[in-house]
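Trainee: return atomic coordinates for the entry below.
(one chain, ligands or ions: 1)
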Amino acid sequence: MSESSLVVVVGGAHGIGAATCQVMAERGWRVAVVDRDLAAAEQLATSLGAQAYGVDVTDHAAIDALVQQVHARQGAVRALVVASGAFQAVLAPQDVDAALWDQVFAVNVHGLYRLNVAFGLHMVAQGGGSIVNVASVTGSAGAPTHAYAPSKSAVITLSRNLACEWGHAGVRVNTVSPGVTLVKRILDRWATGGGTRATSDPASHAALMRCVDPVEVARGIYFLASEDASAITGVDLPIDAGWLAASGWEMYGGARRATAKSEETV
Ligand SMILES: NC(=O)c1ccc[n+]([C@@H]2O[C@H](COP(=O)([O-])OP(=O)(O)OC[C@H]3O[C@@H](n4cnc5c(N)ncnc54)[C@H](O)[C@@H]3O)[C@@H](O)[C@H]2O)c1
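Mentor: Model (predicted):
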C-alpha cells in the first residue's frame, strides 16, 4: 500500500472523520471525503485537495453508486474508513422506541455493513486493502444507551467476521473504539448544558484523566489503515485515554495515584 494510495472516509465532513481526512492527507494519501453533509465535505475536500461525495449511508443504492463514482474519478480504493454515526440520549430501555432503534442501527450497523461489502469486494478482487470501522468503548463495556451501545458491539463483531472472510485476499478489517472524544458535536452539547447524566466529568474515569482529541483517534485509524499494521486484522483498538483500563478501578474510587498506606480490599 503506497503512501499515494486512495482512502475513502465516510462521515468525513466533521469530527473524527474530518480529523482522519486531515491526518491521512498530511501523510500522503489521496482522500475521498464522503458525508451526507455535502457542503461541509466539499469545504474540507477543497482545503485538502481531495474529492467530496454526498451520500447518506442509509441509502444502499447511493452506496453502490458511490463505489462506481469513486473508482471512476479516483481509481482503486486501498482503504475505507467508516466514521459516520447516529447517536442517542441516555434513556430508560422502555423509552427506546422502534424509530430510534431503527435509525441508530440503519446508520451504525446496516449502512456501515453495506459500505464494507461494497468496497470490500473490490479490495478482494484487487488483492488487498484495509477497512477501519469506528466502533466505541460502549460496544464492549456497555452504557445506558440501549440502541447505540449494542450497535457498536455489532460493528466490532461484523468487522471481525469480515476480517476472516477476506483475509485470504489480503484485505484487513479492524475497528477503533474511541472513548469520549472532544468533537464539536459533544463540545456544543456540553456548552448548552446537555448530556450531563451521560458525560459528567468523563475525564476523571480514564487512566490518563482526560478525554481524547479527535486527531488521536485519527492517528490510530491511520496506523490500522497503513502498511505499518500489515499483520493486524480482526482486532478492536480502544483509543480511550485508558477509560477501559480504569473501569475496574471505579469501585476503589477510580484511577489515581497509589496511597502510601495499605487499604482493605474486597
Ligand atoms: N466523539 C466521541 O466521543 C465518540 C466516542 C465513541 C465513538 N464515536 C464514534 O465515532 C464516529 C464519529 O463520531 P463523531 O463524534 O466524530 O461525530 P460527528 O457528529 O462529529 O461526525 C459524524 C459524521 O457522520 C456524518 N453522518 C451522520 N449520519 C450520516 C449518514 N446517515 N450518512 C452519511 N454521513 C452521516 C455526519 O454528517 C458527520 O460528518 C461515530 O461512529 C461515533 O459513534 C465517537
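
Trainee: what comes up buried for the helix or strand encompassing L121?
Mentor: Taking DSSP states H and E as the criterion, L121 maps to helix 112-126. For helix 112-126, the neighbour count (16 or more other Cβ atoms under 10 Å) marks L112, Y113, R114, L115, N116, A118, F119, G120, H122, M123, V124 as buried. For the C-beta atoms, the positions are set from N, CA and C on the backbone; glycine is no exception.

Trainee: how about the contacts made by the third one?
Mentor: In other words, R114. Listed by Cβ atoms under 8 Å, 6 or more residues apart in numbering, the contact set of R114 reads V57, H60, I63.

Trainee: what of the first one?
Mentor: By Cβ under 8 Å, 6+ apart, L112 lies in contact with V57, V82, S84, N133, V155, L158.

Trainee: so for the fourth one, what's the pLDDT?
Mentor: It stands for N133. If you check N133, the pLDDT there is 99.

Trainee: identify the bridge partners of it.
Mentor: Legend: beta-bridge partners of N133 under DSSP bridges are V82, T175.

Trainee: how much space separates it from the ligand?
Mentor: 8 Å (Cβ to the nearest ligand atom, to the nearest Å).

Trainee: and that residue, how many neighbours?
Mentor: 28 (other Cβ atoms under 10 Å).

Trainee: isn't it right up against F119?
Mentor: No - the pair N133 / F119 is not scored as a contact, 11.4 Å apart, by Cβ atoms under 8 Å.

Trainee: redo the contacts of R114 as JSON lines? Include neighbour count, secondary structure and distance to the ligand.
Mentor: Shown next, in JSON lines, are those (neighbours: other Cβ atoms under 10 Å; DSSP: H, G, I helix; E, B strand; the rest coil; distance: Cβ to the nearest ligand atom, whole Å):
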{"residue": "V57", "neighbour count": "26", "secondary structure": "coil", "distance to the ligand": "4"}
{"residue": "H60", "neighbour count": "16", "secondary structure": "helix", "distance to the ligand": "12"}
{"residue": "I63", "neighbour count": "20", "secondary structure": "helix", "distance to the ligand": "10"}
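
Trainee: of those residues, closest to W190?
Mentor: W190 has its nearest neighbour among the contacts of R114 in V57, at 26.5 Å by Cβ to Cβ.

Trainee: what's the nearest residue to the closest one if we skip its chain neighbours?
Mentor: G111 (3.1 Å; Cβ to Cβ, 6 or more residues apart in numbering).

Trainee: is it true that that neighbour touches D102?
Mentor: No - between G111 and D102 there is no contact under Cβ under 8 Å: 11.9 Å.
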